[in-house]
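Asks: Need the 3D shape of this:
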Amino acid sequence: LAIVKRIVERHGGRVWAEAAHAIGQGGGTRLPVEGPAEIAEVAVQLNRTLDALTEREGQLRALSATLEQRVAERTAALERANAELESFSYSVSHDLRAPLRALNGYASILAAEEGGKLSPEGRAHLERIARNAVRMGELIDDLLQFSRVGRDELRREKVELAELARTQAAESREGYPAARVTIGPLPTVSADAAMLRQVFANLVGNALKFSSRRSDPHVEIGAVVREGQQAIYVRDNGEGFDMRYAGKLFGVFQRMHKESEFPGTGVGLAIVKRIVERHGGRVWAEAAPGAGAAFYFTLP
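Replies: Got it, this is the predicted structure:
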């Protein structure tokens, strides 16, 4: 367009020069087809180009509007589906509590009043009923917690992660007196303190549990820069796991080890993932069988 501008200015076509400049800036001004033949031809060609650009711009705008509408519709549908799923989980969990309490209660009464009349095998069956009722209660509690994490309002505030980690580590360590827990420097973040407490409770609790069979169980909490972003980590020297199955880690009721080896419901890491993602961060793990595991999360 600079060349065109010089041509039309040389022939006194100030209007054309301004029109050519307007086209270069994305305007819709058309050039008058007049003057010498070569100038008229330039005007014709530029007008054709402008027509094509205008048509293409209209198509792009229409396509953009269509895509935006589709994205909005898909987002709304996904939000509705998530809300329905959370509502369903919450309702089911509450509805299951009543029969579960009855089952556990009758098992306790039967053991207390009729236990002496039962054979050893019968008492073992009764104990198994009570034990599984307790486990079902734990599953329901964790499912309710998972549902609440998605439903509760996110309340951001200034959170000293070091203090939060120390408090949670002290509580979690009560069941593991032999474990060492070291906490390095941690940042201050803007986040929901109650939700982050759940994150540390699950990650530190898992680290203590899976390192409990070591002669010197050790859990380390700290921060490191990964891909230009600060990440918080909880690392242990425990059982670890095969990274081929890392994709299962953060799913509900997904477990890497047998319950007979390490008890748990398989919901904790799903809660961690949901909380971190609600804060706009991400979570991942690194591990090797028998060499411990490290869990990282970011908080933008």
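
Asks: hmm, who's touching stretch 161-174?
Replies: For stretch 161-174, the surrounding residues in contact (CB atoms under 8 Å, 6 or more residues apart in numbering) are 179, 181, 183, 185-189, 193, 196-197, 200-201, 204-205, 208, 219, 221, 223, 232. (Each C-beta comes from the backbone N, C-alpha and C, glycine too.)

Asks: swap that for stretch 131-138, please
Replies: L96, R97, L100, L103, N104, A107, T265.

Asks: tell me which residues of that stretch are tucked away?
Replies: By 16 or more other CB atoms under 10 Å, the buried positions in stretch 131-138 come out as A133, M136, G137.

Asks: swap in stretch 237-249?
Replies: So for stretch 237-249, counting by 16+ other CB under 10 Å, buried means N237, G238, E239, G240, F241, L249.

Asks: So what does the first one have for phi and psi?
Replies: According to degrees, to the nearest 10, the main-chain angles of N237 amount to phi -110, psi 40.

Asks: Can you tell me the closest non-neighbouring residue to it?
Replies: Spatial nearest neighbour of N237, chain neighbours left out: G292 (4.3 Å); criterion: CB to CB, 6 or more residues apart in numbering.

Asks: circling back: relative to V44, which of the contacts of stretch 131-138 is nearest.
Replies: T265 (75.2 Å; CB to CB).

Asks: which residues of this structure fall in helices?
Replies: For the chain, the helices defined by DSSP state H occupy 2-10, 14-24, 37-114, 120-151, 161-172, 193-210, 268-278.

Asks: Rebuild those as TSV, extending it with mean pLDDT and distance to W284.
Replies: As requested, the helices of the chain are arranged in TSV below (pLDDT from 0 to 100; distance: least, CB to CB, whole Å):
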stretch	mean pLDDT	distance to W284
helix 2-10	51	52
helix 14-24	57	48
helix 37-114	81	22
helix 120-151	81	19
helix 161-172	93	18
helix 193-210	93	12
helix 268-278	92	10
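
Asks: need these in JSON lines with distance to E227, can you?
Replies: Formatted as JSON lines, those follow (distance: least, CB to CB, whole Å):
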{"stretch": "helix 2-10", "distance to E227": "43"}
{"stretch": "helix 14-24", "distance to E227": "40"}
{"stretch": "helix 37-114", "distance to E227": "27"}
{"stretch": "helix 120-151", "distance to E227": "26"}
{"stretch": "helix 161-172", "distance to E227": "20"}
{"stretch": "helix 193-210", "distance to E227": "20"}
{"stretch": "helix 268-278", "distance to E227": "16"}
